[in-house]
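Peer 1: this one's structure only:
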């Protein structure tokens, strides 16, 4: 019996000794072999990885301009198995790679770990500093990441790409998310002795005109800075095709360094946020009334300065009584009471029908994630006062994209167009909203408003536009705050618009009227676009003499 126990002890001892010898061979004598093997495996995986497709802007000559592409960055990583003194290595590396020394010591102290990422996109300075340390087990290699050459420009539209724990990448927000499957392609793989090559992702070409987008970004940045606003947006659309030519919003972020931004900056305010549009809604109300024959631009009412509906008193913006006034005068002076008169004259059912015809309360279907439909419940089952306030754009919510689509319908002769962001998508009519004759009358009303108020005029062009200043709702206490959202929406030339332009400013300091805050910016950008496209003048008699 005793010899059996000795046999078992000897057998266990020999087995344990064998394991020690094997461990010594792996960790000491052949460590370089296994490190090289791990690196070779990583490179093999890289060779089987699909290359992500690019995203492109365009210009008026249909030149493709890369907005998102792939770029090699120096990646700094460690092989903990090779690091003899993790604590010292961590002490030296921590200030360079931007990690806490204690966390880094723990990460580098795993004796069997063959890979620990230190910096995904190393700077030249970081690379030089790490290489100067010459720490055995710390290396620099090239790796491919997403690169956004224009930084913050159109960042919410583009989105960004995150690296997943399993080594794959995923488009997040914007076009990167919407077209993730198209852009990503399919990685290659090995099955037995057969290697299946990767299928690279396809490029996405957008209708965004880089020249207009760049100018829109600059104008918006200066506008927000001047009025100390919390944010804003600019949209430009071709009213006949539905193509979006510019989509700029602020605050934005740098997709190259998205980790430094607040999550709220990732949302695209033009489609993922709603607001009460205010008086830019008034041309829609006039379109409904004129199209059904209930009013004309010459229809009159007596403006008494206030009206009480269901216990709620509503005033004009200037708190004045304007007496006998035409519907044309209502648009020229932006009178709330006149717009209420138009709504009550046509009736709630007609008004509700046209609000829905204009596409409000429904998603536009644009190829972007997270689109909202807005809230028009007050014109579906609202009280009399709700219909009244909705007629001038309060008490209902819309997205900026919905509003520019509605204005495009007025600009192009009455057709609601499907908005497009991708080159090659054919123009698509959603529905006819109103007749050409109706929209022409509404356009003439808006042109008259611009000519009388002067601020938005552009020499030698007829401009059709409308301003809006809407108070921001108080979601805590009810009612409204003292903050406003200023919007100016219009198109040019009024006779045959080349573009529809929306400039929106969120919560400017001291709540100025839109005519004071956003109209000059709109005029500047409209002038730029007209000159960029070399659009022939349609009102030579309006040229200002020096």
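Peer 2: Alright, I've got the coordinates. Here the structure is a predicted model, which means the values were calculated and not measured.
Peer 1: look up which residues are beta-bridged to the nearest residue to residue 116 once chain neighbours are set aside.
Peer 2: Computed as CB to CB, 6 or more residues apart in numbering, the closest residue to residue 116 that is not its neighbour in sequence is residue 78, at 4.5 Å. Yep, even glycine has a C-beta here, placed from its N, CA and C like the rest. Beta bridges link residue 78 to residue 116, residue 138, judged by DSSP bridges.
Peer 1: touching, residue 78 and residue 119? I think so.
Peer 2: No. At 10.4 Å, residue 78 does not count as touching residue 119 under the criterion of CB atoms under 8 Å.
Peer 1: mind checking which of those two has more residues around it?
Peer 2: A side-by-side neighbour count of residue 78 and residue 119, using other CB atoms under 10 Å, places residue 78 first with 27 against 20.
Peer 1: any idea how far residue 378 lies from residue 531?
Peer 2: Remark: distance between residue 378 and residue 531 (CB to CB, to the nearest Å) = 42 Å.
Peer 1: these two: which has the busier surroundings?
Peer 2: More neighbours surround residue 378 than the other of residue 378 and residue 531, with 20 against 10 (other CB under 10 Å).
Peer 1: how about the more buried one: what's its closest non-neighbour residue?
Peer 2: Nearest one to residue 378, counting by CB to CB, 6+ apart, is residue 386 at 3.7 Å.
Peer 1: so where does residue 126 fall, helix or strand?
Peer 2: helix 124-133 (DSSP states H and E).
Peer 1: quick one: contacts for the residue nearest to residue 378?
Peer 2: 378, 379, 395 (CB atoms under 8 Å, 6 or more residues apart in numbering).
Peer 1: now it: how far from residue 314?
Peer 2: 12 Å.
Peer 1: one more: residue 231?
Peer 2: On the measure of CB to CB, residue 231 and residue 314 end up 29 Å apart.
Peer 1: those two: which is more packed in?
Peer 2: Per other CB under 10 Å, whichever of residue 231 and residue 314 has more neighbours is residue 231, with 19 against 16.
Peer 1: let me see the contact set for that one.
Peer 2: Taking CB under 8 Å, 6+ apart, one finds 224, 249, 250, 251, 269, 506, 507 in contact with residue 231.
Peer 1: if you drop the residues flanking it in sequence, what lies closest to the fifth one?
Peer 2: The one in question is residue 269. Closest to residue 269 by CB to CB, 6+ apart is residue 249, at 4.7 Å.
Peer 1: next one: the nearest residue to residue 117 once chain neighbours are set aside from residue 204, what distance?
Peer 2: Excluding the flanking residues, the one nearest residue 117 by CB to CB, 6+ apart is residue 77, at 5.2 Å. According to CB to CB, residue 77 stands 31 Å off from residue 204.
Peer 1: ok, residue 405 next?
Peer 2: In terms of CB to CB, residue 405 sits 22 Å off from residue 204.
Peer 1: looking at these two, which is more packed in?
Peer 2: Ranked by neighbour count (other CB under 10 Å), residue 405 and residue 204 place residue 405 first, with 28 against 22.
Peer 1: wasn't the residue nearest to residue 269 part of a strand?
Peer 2: Yes. Residue 249 sits within a strand when classified using DSSP: H, G, I helix; E, B strand; the rest coil.
Peer 1: re earlier: where's the residue nearest to residue 378, which helix or strand?
Peer 2: helix 384-391.
Peer 1: next one: residue 171
Peer 2: With DSSP H and E as criterion, residue 171 is part of strand 169-172.
Peer 1: so which elements touch that strand?
Peer 2: strand 160-163, helix 180-184 (3 or more CB pairs under 8 Å, 6 or more residues apart in numbering; DSSP states H and E).
Peer 1: centre of the chain versus it, how much separation?
Peer 2: 16 Å (CA atoms, centre = their mean, to the nearest Å).
Peer 1: now the closest residue to residue 154 other than its chain neighbours: which helix or strand?
Peer 2: Leaving aside its sequence neighbours, residue 154 sits nearest to residue 213 (CB to CB, 6+ apart; 5.9 Å). Secondary structure from DSSP H and E places residue 213 in helix 210-227.
Peer 1: and that helix, which residues are buried?
Peer 2: Neighbour-count burial for helix 210-227, with 16 or more other CB atoms under 10 Å as criterion, is recorded at 210-217, 219-220, 223-224, 227.
Peer 1: likewise stretch 379-390?
Peer 2: Buried-residue list, stretch 379-390, by 16+ other CB under 10 Å: 379, 382, 385, 386, 387, 388, 389, 390.
Peer 1: just to revisit the earlier point, surely the residue nearest to residue 269 is in contact with residue 270?
Peer 2: Yes. The pair formed by residue 249 and residue 270 meets the contact definition of CB under 8 Å, at 6.1 Å.
Peer 1: any common contacting residues for the two?
Peer 2: In contact with both residue 249 and residue 270: 156, 233, using CB under 8 Å, 6+ apart.
Peer 1: check which element follows the helix or strand of the chain with the lowest mean pLDDT along the chain.
Peer 2: Ranking every helix and strand in the chain by mean pLDDT, DSSP states H and E puts helix 31-47 at the bottom, with a mean of 50. Sequence-wise, the next helix or strand downstream of helix 31-47 (DSSP H and E) is strand 55-58.
Peer 1: which residues of the stretch 101-250 of the chain score low on pLDDT?
Peer 2: Confidence mapping of the stretch 101-250 of the chain against pLDDT under 70 gives the ranges 165-167.
Peer 1: just put the helices and strands packed on strand 169-172 in a markdown table and tack on mean neighbour count and distance to residue 437.
Peer 2: Shown next, in a markdown table, are the helices and strands packed on strand 169-172 (neighbours: other CB atoms under 10 Å; distance: least, CB to CB, whole Å):
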| stretch | mean neighbour count | distance to residue 437 |
| --- | --- | --- |
| strand 160-163 | 19 | 48 |
| helix 180-184 | 18 | 43 |
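Peer 1: what is the burial count for residue 400?
Peer 2: So residue 400, with other CB under 10 Å, has 26 neighbours.
Peer 1: can you tell me how far the nearest residue to it once chain neighbours are set aside is from residue 190?
Peer 2: In space, and not counting its chain neighbours, residue 400 is closest to residue 270: 4.5 Å by CB to CB, 6+ apart. Using CB to CB, we find residue 270 at a distance of 45 Å from residue 190.
Peer 1: more neighbours: those two, which one.
Peer 2: residue 270 (26 against 10).
Peer 1: which is the next helix or strand following the helix holding residue 213?
Peer 2: strand 231-237.
Peer 1: strand partners (parallel or antiparallel) of that following strand?
Peer 2: Strand 231-237 is paired, per DSSP bridges, with strand 244-250 (antiparallel), strand 499-506 (antiparallel).
Peer 1: and the angle from the last one to helix 210-227?
Peer 2: By that I understand strand 499-506. If you take axes from the mean of the first three to the mean of the last three CA atoms, to 10 degrees, strand 499-506 sits at 30 degrees to helix 210-227.
Peer 1: and strand 499-506, average pLDDT?
Peer 2: When pLDDT is averaged along strand 499-506, the result is 98.
Peer 1: could you do stretch 444-454 as well?
Peer 2: Mean pLDDT, computed over stretch 444-454, is 94.
Peer 1: that's all I had, so thanks and see you.
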